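*Asks:* Sequence first, then the predicted structure, then my questions.
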Number of protein chains: 2
Amino acid sequence: MRISHLVSERTKDVPQGANVKSHILLVRAGYIKQVSNGIYTLLPPAQRVSQKIQKIIREEMDNIGGQEVLFPVVMPREMWDKSGRYSSIGAEMLRFKDRTGRDMLLGMTHEEAAVHACQNIIKSYDQLPFMIYQIQTKYRDEARPRAGLIRVKEFTMKDGYSFHTSAEDLEKYYNEVYEAYNRIYTRIGMKNFISVKSDNGAMGGSYAHEFMLLTDIGEDSIVICPSCNARANMEVAVSKYDMPKFEDAPLKEVYTGKAKSIEEVCNFLKIQPNQTMKAVCYAVVGDNKKTVVAFVRGDKEVNEAKLKNVVGGEIVVKDLADTELVKGNIGAVGLKGDNLQIVFDKSLEGLCGLVTGANKEEYHLTGVNMTRDFAGVEYFDIVKVNEGELCPHCGKPLTIKRGIEIGNIFNLDTKYTKSMGMTVAMPDGSLINPIMGCYGIGVGRSLASVAEESADEKGLNWPMAIAPWQVYLCPLRNDDEIVANKAEELYKTLSSKFEVIYDDRKVSAGVKLTDSELMGIPVRVVISPRSLANNEAEITIRATGEKIMIALSELENKLTELCKI
Amino acid sequence: MRISHLVSERTKDVPQGANVKSHILLVRAGYIKQVSNGIYTLLPPAQRVSQKIQKIIREEMDNIGGQEVLFPVVMPREMWDKSGRYSSIGAEMLRFKDRTGRDMLLGMTHEEAAVHACQNIIKSYDQLPFMIYQIQTKYRDEARPRAGLIRVKEFTMKDGYSFHTSAEDLEKYYNEVYEAYNRIYTRIGMKNFISVKSDNGAMGGSYAHEFMLLTDIGEDSIVICPSCNARANMEVAVSKYDMPKFEDAPLKEVYTGKAKSIEEVCNFLKIQPNQTMKAVCYAVVGDNKKTVVAFVRGDKEVNEAKLKNVVGGEIVVKDLADTELVKGNIGAVGLKGDNLQIVFDKSLEGLCGLVTGANKEEYHLTGVNMTRDFAGVEYFDIVKVNEGELCPHCGKPLTIKRGIEIGNIFNLDTKYTKSMGMTVAMPDGSLINPIMGCYGIGVGRSLASVAEESADEKGLNWPMAIAPWQVYLCPLRNDDEIVANKAEELYKTLSSKFEVIYDDRKVSAGVKLTDSELMGIPVRVVISPRSLANNEAEITIRATGEKIMIALSELENKLTELCKI
């Protein structure tokens, strides 16, 4: 490819509002162009990287028996009514009417389509297990797209679905996919990735893993035990922590004035946060009237993913303006209101001497005794793990890291086969709903994640396996006829063996060298009047900065060695 | 691939309402499954064919310097407002609002996206020409999906866009694409395809070619001159035809009773259709009040594509119930009404003695003299060519054939670069809007077209280059242990060299042989107790039915020869 005709521009301009390295560099190096908020065109360099990632994914999926299919992007409502997700998924799913007034939607995931594809085709136990997958565009109407290709509305994704006659059979295959995912990330050149236990979210089913790239720009918190290597997404992580013992006392209303936050109340009453009982209020999506009041110990934070599972629906922090609840003074004792659901966290179970709101302005209650004042209530785990709490497996302190989710594998159990009525006949003639596994990898996010991890202060820095081109052919002073001719000759010969991007522009050496680094091409070959005088070229390895002077006669051999994956 | 685990079922059931061979066979052979009207899942065999077609398309596009990109499926209204197409395209374009209430659409073509991608990146003449292309899902809310993958709502398409500084440069590149398209169709195994001049439709621009598979199931009519080989889509085809001379006479109202159609009026008045002037009325999409009345000679049919270009907007046949027009008696003389646009066809120019409606029930007018009665009106070519009319180039009789459009190439001129304000600087510093070419191929339609053309009474019949598998390994009597073991061994060894679908089922020989033919796999290898007793296998060539007994030791060599593309 001649860079003069490449539809891609290198620029120094940082996109407005961008603060994530991969976002800035993918724009600056001419890989992507924003069309709308969270919607991008992949320019030729990015599409080349994307294709290479897709090829690796296909190979690994085929390697574990995957059968590639193509599901539709647009699907009819009826299919999603069967699974119940037409209603249960929120505004991130795009719904519309077609020209005949029929309700349709844009697929953001394809469990229903997978069951539809197999239903009435797969009828007998001996046709299982199998896995089908697709690589297809998905659209998710993200409320807050961010960070370039990291969180977008439209994305290319590989999603796979396996079908099994037993949980054991799924587990066996699940592990094969797990290994395939490890191979995929390794092959595309990702280094600092891990797998963690996760929440199933909208998918349903009973267990799940996410693959995460560990990076400070990640949106997810991952709880890690450095001792026993246990890992879990914050959404599902649990820990062991101290249960404090305070002196029991009768309930007493105390004046706390303007003190509202846990910090203010603690300062006012001269107590520690773990002696308080914090209230956080949520609205339930699709149920305007209901309010969920979550009570957790004052030293802990509500884990919305866990709370959502307790509530059984999407939740968002509630604006209390329209309610009778007294903001900053909400307490569990004597709390009244229409359509309230009260949820207590396990961190409160059995405690006494606690402080909570008195449900009136300027007052709190002291002396709350959970056992006495809330006899018979159920406690749920609805809190986040704090750094330094103890590993539930080995008892050693936990650490918390940030990560980007780069893939996930789920056990969907029979959620979809049951609701959609897919059955297979077993050897004894009985009919069962097959158990499903579900396996996703975002192609664009993988691209951005590798970019994020490998980039340095000079620009992108692609691993050889997914670099858009292997070699950046860079003649300096190609206004010099000898250089220009040699460059054309090298472009022709090298292109037959390598993927070459050829900087045929008549611009300064500085611009060319900077661009080659910004674009992150793994190997740069520079020729100049001086190098040609010695019948040499200068090779620079992007990842290390290592420079090698090489005889032109040896150039091809050297490149063969360097371009090996 | 073991057929026992393949997500694909062979069936004798013909899909309801299906009457097109490729539609019936792609369903019956387990290639596609309908999800909704005009929306299909590609099951593994079809996805394999699709991938092979895509690979050939990519190679040929890259071969003429194409740069692959990926445009978004979902685009914002603003981009399409610039080109004017947000309003000018009808209900086939899916429009919706995102969660913030912003108008969005599903791309059914990507001219705007292509200009957006290049704008501000390509700034100078020396960066041109170039071509970008994508292979991506498109959605078109077809009013009448039909014939399986031939006419669908959602489809995979390769669309390419080239940019040029001059019409000459575009023409040169246009011809390169033209040749590339010929290579693509040849490589995917299509035989009876031709290119024809066509209408630009919604694309704008000034000239265009369609590639057509000639087949009786085609929706398009193609006018062909067998003598000079001139070809054009009926939408734009022109011909030479006789201009009759009738006796001039004064206008006279004559009673015609219930005679309304041209045939009835001709019978009543004992004249030929070419002495009548036929009125056909149309509504204009987006303009409720307007009525277009097209007048053509009675022996000719209105060509709606041509008329649309005259009117400058989408047209549909008008329901006259709400108008003052007298159905069956409409005539151009004294025709009155609000918002009428009258269009005369060239077949009427200069004629006299014509019969037309009298604009009142039970009466027609005779003696119409175009020159006298419609002085100064403009005549347009708005008719279809009739079989047997003469070629405008060589004067020999024309024939009409049916075809499926399998691809198209357009000159878009500066329609999009101008409306969207894309400019490049020329050597003298002046700014021009680049001239664009546009190049489409439907992947799914190509698949269905090859299926349509190559299938026979036994089923599908894939050319080797795009067959989902090259070899159908078919052990008969694999309840016999020797056969079963040999089959497993052959599956293992042959799979490392060929794409093998292995019929590992314990079903009758009849089912296996029939399925192999229905699926259309080019080479079938049968082993049975009898053949193994002679250390032989039986090879059958799907396309010819030829059978070859071959020593097992020679099997690999023979397959290598047969699988060559």
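*Replies:* Received it, and whenever you're ready, just let me know what you need.

*Asks:* mean confidence for the longest strand anywhere in chain A?
*Replies:* Ranked by number of residues, the top strand in chain A under DSSP state E is strand A:399-413. Model confidence over strand A:399-413 averages 91 on the pLDDT scale.

*Asks:* surely residue A:400 meets residue A:388?
*Replies:* No. Using Cβ atoms under 8 Å as the test, residue A:400 is too far from residue A:388 to be in contact (9.1 Å). (C-beta placed from N, C-alpha, C; glycine too.)

*Asks:* Between those two, tell me which one has more neighbours.
*Replies:* Comparing residue A:400 with residue A:388 by neighbour count (other Cβ atoms under 10 Å in any protein chain shown), the higher total belongs to residue A:400, at 16 against 11.

*Asks:* ok, back up a step: name the strands paired with the longest strand of chain A and say parallel or antiparallel.
*Replies:* The partner list of strand A:399-413 in its sheet, established with DSSP bridges, is strand A:207-214 (antiparallel), strand A:220-224 (antiparallel), strand A:435-442 (antiparallel).

*Asks:* Could you pull out the buried residues of that strand?
*Replies:* Across strand A:399-413, burial judged by 16 or more other Cβ atoms under 10 Å in any protein chain shown covers A:400-413.

*Asks:* Closest one to chain B out of those residues, please.
*Replies:* Relative to chain B, the closest of the buried residues of strand A:399-413 is residue A:412; by Cβ to the nearest Cβ it sits at 16.9 Å.

*Asks:* quick one: that closest one from residue A:164, how far?
*Replies:* Between residue A:412 and residue A:164 the computed distance is 10 Å (Cβ to Cβ, to the nearest Å).

*Asks:* what touches both of these two?
*Replies:* When contacts are counted by Cβ atoms under 8 Å, 6 or more residues apart in numbering or on different chains, residue A:412 and residue A:164 are jointly contacted by A:435, A:436, A:437.

*Asks:* Most neighbours among those, which one is it?
*Replies:* Within the shared contacts of residue A:412 and residue A:164, most neighbours by other Cβ under 10 Å means residue A:436, with 28 neighbours.

*Asks:* quick revisit: out of the strands paired with strand A:399-413, which gets nearest to residue B:351?
*Replies:* Comparison of those against residue B:351 by Cβ to Cβ identifies strand A:435-442 as nearest, at 67.4 Å.

*Asks:* next one: that closest one to chain centre, how far?
*Replies:* In terms of Cα atoms, centre = their mean, to the nearest Å, the gap separating the centre of strand A:435-442 from the centre of its chain is 14 Å.

*Asks:* before we move on, what about stretch A:239-258?
*Replies:* A distance of 39 Å separates the C-alpha centroid of stretch A:239-258 from that of its chain, computed with Cα atoms, centre = their mean.

*Asks:* Quickly list the domain ranges of chain A.
*Replies:* Here the domain parsing of chain A from automatic domain parsing is A:17-221+A:403-452, A:252-380, A:469-562.

*Asks:* all strands of the stretch 351-500 of chain A, in order?
*Replies:* Counting by DSSP state E, counting those that start in this stretch, one finds strands in the stretch 351-500 of chain A at the ranges A:354-357, A:363-368, A:379-380, A:399-413, A:424-425, A:431-432, A:435-442, A:471-475, A:500-502.

*Asks:* Which of these sits closest to residue B:503?
*Replies:* Distances from residue B:503 to each of these were compared by Cβ to Cβ, and the smallest falls on strand A:424-425, at 20.4 Å.

*Asks:* and the closest one, what's its mean pLDDT?
*Replies:* 96.

*Asks:* The nearest residue to residue A:72 once chain neighbours are set aside bridge partners, please.
*Replies:* Take residue A:72 and drop its neighbours on the chain: the residue closest to it by Cβ to Cβ, 6 or more residues apart in numbering or on different chains is residue B:39, 4.7 Å away. Note on residue B:39: beta-bridge partners residue B:36, judged by DSSP bridges.

*Asks:* Was I right to think residue B:39 contacts residue A:75?
*Replies:* Yes. The criterion here is Cβ under 8 Å, and residue B:39 meets it with residue A:75 at 7.3 Å.

*Asks:* With that, I have no additional questions.
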